[in-house]
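> Model the following, please.
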Amino acid sequence: MTQGEPAKGRDSAGQPPRIFGLELSLLDREQLIEELLATPRAPDGAKLLATVNVDHVVTLRTDQRFREAYDSAWRITVDGAPVYLYARASGIPLPGRVTGADLFASLIDRWDPAQHRLYMLVANEEAAARMTRRLAERGYDETTLTIEVPRFGFEKDAAYNEALTARIRAKAPTHIILGLGAPKSEIWAYEHRAALGDAFILCVGAAIEFATGLKQRSPLFMRRVGMEWMWRFGTEPRRLFHRYFIRSFGFILAMLADRPGTAAVPGRRD
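Predicted structure coming up:
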C-alpha cells in the first residue's frame with residue numbers, strides 16, 4: 001500500500017465504507033461463524049447480527065425503529081444478491097454473501113451443548129417440535145435449549161415481554177435465535193436488548209423452517225446465482241407477490257438516494 005492510500009475496506013478518511021448508511025461486515029461466512037462460536041466471552045451485552053436484503057433496505061427508508069435496530073447491530077452481513085452487487089459496485093470489498101439461512105444451517109451442526117445454550121423464538125408449534133428433536137439428537141436438553149412460540153401480537157404486550165425477557169435471562173443463553181420475520185425480530189431484539197443478557201442475537205427469518213423441513217429451500221445452483229427469490233415466489237406466490245414485484249421498486253429509489261462513503265450513521269460496532 002502506497003503512502004496516503006486508504007487501507008483496504010476504508011475510504012480516504014479512514015472510515016469503513018457504507019451503503020444505505022450501513023457499515024457492512026467484511027468477514028466471510030467461516031470467519032463470522034468462528035466469532036459466533038467463540039467462548040467464553042466477556043460480558044458485553046446482547047449482540048445483534050443483522051442480514052440485510054432488498055426488503056430490509058426498503059423498510060429502512062420508512063421504519064425508524066428498524067433503522068435504530070440496524071444502527072445498533074454488532075455485525076451486518078449482506079443476504080440479498082442485489083444488495084451484494086450494489087455493495088461491490090460501490091467499492092466495498094465483500095468476500096461474498098453471508099445469508100441468515102446459510103449461517104443458521106452451519107451453526108446448527110456446530111453448536112455444542114457443553115458450550116452453547118440456545119433460546120429460540122419460532123413461528124409455530126410444529127417448527128418448535130421439529131427443532132427440539134433435531135437438537136436433542138445433538139445432546140441438547142431442557143437445561144441447554146428452550147424453544148418458545150410467542151403468542152400473536154406479543155411484541156405489543158409490555159407485561160408479556162417483561163416475563164419473556166426474564167425467562168430468557170434466567171436461562172443465560174449464549175445465543176438467542178429469532179425466527180419471527182422482519183422487521184419484527186430485529187425491532188424486538190433492539191427494544192429488549194438491555195434485558196436479554198450477554199448473548200448473540202440472530203434474526204434468521206425462514207431459516208428455522210428450512211432446517212426443520214417445513215419449507216424447502218431453493219436448489220444450490222439458484223442460490224449461487226442469486227435467484228433464490230424466484231424459488232421462494234414459486235412456493236409462496238400469494239404471500240410474496242407484493243414484496244418482490246411492488247415493494248422491491250423501493251430498492252431502486254434507495255440506490256438513487258444513496259451516496260456510498262458519505263457521512264456515517266451513528267451506530268455501535270464492537
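> could you pull out the helices for the stretch 101-250 of the chain?
Remark: helices assigned in the stretch 101-250 of the chain by DSSP state H, counting those that start in this stretch are 125-136, 158-171, 184-191, 207-212, 220-224, 228-235, 237-242, 249-257.
> Which neighbouring elements make contact with the longest one?
I take that to be helix 158-171. strand 145-148 (3 or more CB pairs under 8 Å, 6 or more residues apart in numbering; DSSP states H and E). Placement of C-beta: from N, CA and C, glycine included.
> again with the last one
Helices and strands touching helix 249-257, by 3+ CB pairs under 8 Å, 6+ apart, are helix 54-60.
> buried residues in the next helix or strand after the helix it packs on?
Scanning forward in sequence from helix 54-60 by DSSP states H and E, the next helix or strand is helix 64-71. By neighbour count, and taking 16 or more other CB atoms under 10 Å as the criterion, the buried residues in helix 64-71 are 66-67, 69-71.
> what's the closest of the residues you listed to residue 118?
Taking CB to CB as the measure, residue 69 is the one of those closest to residue 118, at 21.3 Å.
> Can you tell me the closest non-neighbouring residue to the closest one?
In space, residue 69 comes closest to residue 190 once its chain neighbours are excluded; the distance is 3.6 Å by CB to CB, 6 or more residues apart in numbering.
> Can you measure across stretch 221-235, start residue to end residue?
End-to-end distance of stretch 221-235: 17 Å, with CA to CA, to the nearest Å as the criterion.
> what about that stretch, average pLDDT?
Averaged across stretch 221-235, the pLDDT comes to 76.
> And it, what's buried?
Neighbour-count burial for stretch 221-235, counted by 16+ other CB under 10 Å, picks out 223, 228-229, 232-233.
> Format those as TSV; extra columns: distance to residue 213.
Compiled in TSV, the buried residues of stretch 221-235 are given as follows (distance: CB to CB, whole Å):
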residue	distance to residue 213
223	17
228	17
229	21
232	16
233	20
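> Tell me which two of these sit farthest apart.
Across the buried residues of stretch 221-235 (CB to CB), the longest gap, 14.4 Å, separates 223 and 233.
> re earlier: out of the buried residues of helix 64-71, the closest to residue 78 would be?
In terms of CB to CB, no member of those lies closer to residue 78 than residue 70, at 12.7 Å.
> In contact with that closest one, which residues?
Counting by CB atoms under 8 Å, 6 or more residues apart in numbering, residue 70 touches 22, 50, 52, 56, 60, 76, 186, 267.
> Same list (the residues you listed) but as TSV, adding neighbour count.
Written out in TSV, the entries for the contacts of residue 70 read as follows (neighbours: other CB atoms under 10 Å):
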residue	neighbour count
22	24
50	28
52	24
56	24
60	21
76	22
186	29
267	18
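> Identify the farthest-apart pair in those.
56 and 267 (14.9 Å).
> okay but residue 59 is in contact with residue 66, surely?
Yes. Taking contact to mean CB atoms under 8 Å, the distance of 5.3 Å between residue 59 and residue 66 places them in contact.
> Between these two, which contacts overlap?
182-183.
> what mean pLDDT would you report for the host helix or strand of residue 88?
For residue 88, the element it lies in under DSSP H and E is helix 81-89. For helix 81-89, mean pLDDT is 95.
> got a pLDDT number for residue 98?
What the model reports for residue 98 is a pLDDT of 95.
> Count the neighbours of it for me.
The local packing of residue 98 (other CB atoms under 10 Å) involves 25 other residues.
> wait, isn't it in contact with residue 77?
Yes. Using CB under 8 Å as the test, residue 98 is close enough to residue 77 to be in contact (3.8 Å).
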